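Undergrad: below are the sequence and a predicted model; questions follow.
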Amino acid sequence: FGGQLDPENRWVKLSKLIPWDVIEDKYAALFAKNNTGAPAKPVRMALGALLIKEKGGFSDEEVVEQIKENPYLQYFIGLPEFQKEAPFDPSMMVHFRKRLNAQIMKEINEIICLGQEVKKHESDNDNHDEDNSEGDLKENKNKGRLIIDATCAPADIRYPTDLSLLNEAREKLERMIADLYAPLKGKMPKPRTYRRNARKDYLSEAKVRKHQKKSLRRAIGKQLRYIARDLRIIERLSNENGCGQLSPRQQREYQIIQELYQQQKLMYETRTHRIDNRIVSISQPYVRPIVRGKAAAETEFGAKIMVSLIDGFAFVDEISWNNFNEGTKLKEAIETFRWRTGHYPRVVHADAIFR
């Protein structure tokens, strides 16, 4: 960029903290492509774009617009000079996220935060091999502070209720029925789904400010019966010659809705609100309810994470869509601290559940 950029700019300073060469060597294979088609984007461009998105809270389209307008962002993602054209299409952000998944981002975070400390620690260990045992004991004395806690990272979904989930599932099934029936129009009567009645039954309960148990249970039962009818219709239409085809996304949603229906039916019949691997979102079926017992929200929906704070750097030690007990993770976190720093912590700060 011709030396025109301010070295104190936050993006310039951040770019110098990230060992791009190490990350490129380690993860370049993820972006390798055949000789045909467009050339692969470098890891720096992919990782840089994801960091810009998270730091600014931008949409995928806005990330590309910001990069087009800002030379500092173009420098951050590794462009050699300012250009007016977009470096990539917004749709590429989806591929960047798929390739740099949670586990890889965790590894990259370790590389960035630790920097040269691991190498320094390894060289120190080589030098200490020649020292006496007393010197080793002195060097390995407990020092430093480990702060550890677990929380839930909320997923971007609406607050799920059984009634709204069933209504959403029913509406998706009705669209599937319409797509399957379209080529058969005029050859056979369209199956009746009672769509208007189902919508009316849903709204009559959904608009109530304070739900009564009996009326809510009655409304859920009705939606379950509508869904059961739609599932039977889809199965029957699928066996008809010349029927339409479900898209890959619809096929995936159909499988999820079948499992959701079985879960909701079992809870309805047994009069319970608990079930293993409960689905709370059709678009994100991996999201699980995490019971936290907080005053603001007793149950949160998202990934549960365990984070260690060491010298101002945050490390994600555990990330899971399923709930886990922090009480089984304390010893592992302390051993991980030793691996990162070369010694055990002098003091550990954690809440009661860890102890």
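TA: Ah, there it is.
Undergrad: so what touches stretch 327-334?
TA: Here stretch 327-334 makes contact (C-beta atoms under 8 Å, 6 or more residues apart in numbering) with 146, 148, 150, 306, 308, 317-318, 344-345, 348, 350, 353-355. The C-beta positions use only the backbone N, C-alpha and C, and glycine is treated the same way.
Undergrad: and of these, the nearest to residue 258?
TA: Of all the contacts of stretch 327-334, residue 258 sits closest to residue 318, with 31.3 Å by C-beta to C-beta.
Undergrad: mind exporting the strand or helix carrying residue 66 as CSV, just the C-alpha atoms?
TA: Here residue 66 sits within helix 60-69, counting by DSSP states H and E. Taking C-alpha atoms only, helix 60-69 is exported to CSV below (Å, rounded to 0.1, in the frame of the first residue of the first chain):
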residue,chain,number,x,y,z
ASP,A,60,-22.0,-11.3,4.6
GLU,A,61,-23.0,-8.7,2.0
GLU,A,62,-21.9,-5.8,4.3
VAL,A,63,-18.5,-7.4,4.9
VAL,A,64,-17.8,-7.3,1.2
GLU,A,65,-18.9,-3.7,0.9
GLN,A,66,-16.8,-2.7,3.9
ILE,A,67,-13.7,-4.3,2.4
LYS,A,68,-14.4,-2.6,-1.0
GLU,A,69,-14.4,0.8,0.6
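Undergrad: quick one: buried residues of it?
TA: Residues of helix 60-69 classed as buried: 60, 63, 64, 66, 67 (neighbour count, 16 or more other C-beta atoms under 10 Å).
Undergrad: got a list of what the third one touches?
TA: Residues in contact with residue 64, defined by C-beta under 8 Å, 6+ apart, are 86, 87, 88, 89, 90.
Undergrad: neighbour count and distance to residue 185 added to those, as JSON lines?
TA: Shown next, in JSON lines, are the contacts of residue 64 (neighbours: other C-beta atoms under 10 Å; distance: C-beta to C-beta, whole Å):
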{"residue": "86", "neighbour count": "12", "distance to residue 185": "43"}
{"residue": "87", "neighbour count": "18", "distance to residue 185": "46"}
{"residue": "88", "neighbour count": "19", "distance to residue 185": "42"}
{"residue": "89", "neighbour count": "12", "distance to residue 185": "37"}
{"residue": "90", "neighbour count": "15", "distance to residue 185": "37"}
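Undergrad: of the residues you listed, which pair is most distant in space?
TA: Across these (C-beta to C-beta), the longest gap, 11.0 Å, separates 87 and 90.
Undergrad: can you show me the strands along the stretch 201-350 of the chain?
TA: For the stretch 201-350 of the chain, the strands defined by DSSP state E, counting those that start in this stretch occupy 289-291, 299-310, 313-320, 347-349.
Undergrad: pLDDT (mean, whole number) over the longest helix anywhere in the chain?
TA: Counting residues, the longest helix found in the chain (DSSP state H) is helix 213-238. For helix 213-238, the per-residue pLDDT values average out at 94.
Undergrad: can you start the count at 55 instead of 1 from here on
TA: Okay, residue one is now 55; in that scheme the one you just asked about reads as helix 267-292.
Undergrad: which positions in it come out as buried?
TA: For helix 267-292, by 16+ other C-beta under 10 Å, it's 270-271, 273-274, 276-278, 280-281, 283-285, 287-288, 291.
Undergrad: who are the packing partners of that helix?
TA: With contacts taken as 3 or more C-beta pairs under 8 Å, 6 or more residues apart in numbering; DSSP states H and E, helix 267-292 sits against helix 216-235, helix 249-260, helix 302-324.
Undergrad: mean neighbour count, the ones you listed: which tops it?
TA: Most buried of the helices and strands packed on helix 267-292 by mean neighbour count (mean count of other C-beta atoms under 10 Å) is helix 216-235; its value is a mean of 20.
Undergrad: tell me what that one is packed against?
TA: Contact here means 3+ C-beta pairs under 8 Å, 6+ apart; on that basis helix 216-235 packs against helix 249-260, helix 267-292, helix 302-324.
Undergrad: can you give me the helices for the stretch 105-254 of the chain?
TA: With DSSP state H, counting those that start in this stretch, the ranges of helices along the stretch 105-254 of the chain come out as 114-123, 125-130, 146-153, 156-168, 171-182, 187-193, 216-235, 249-260.
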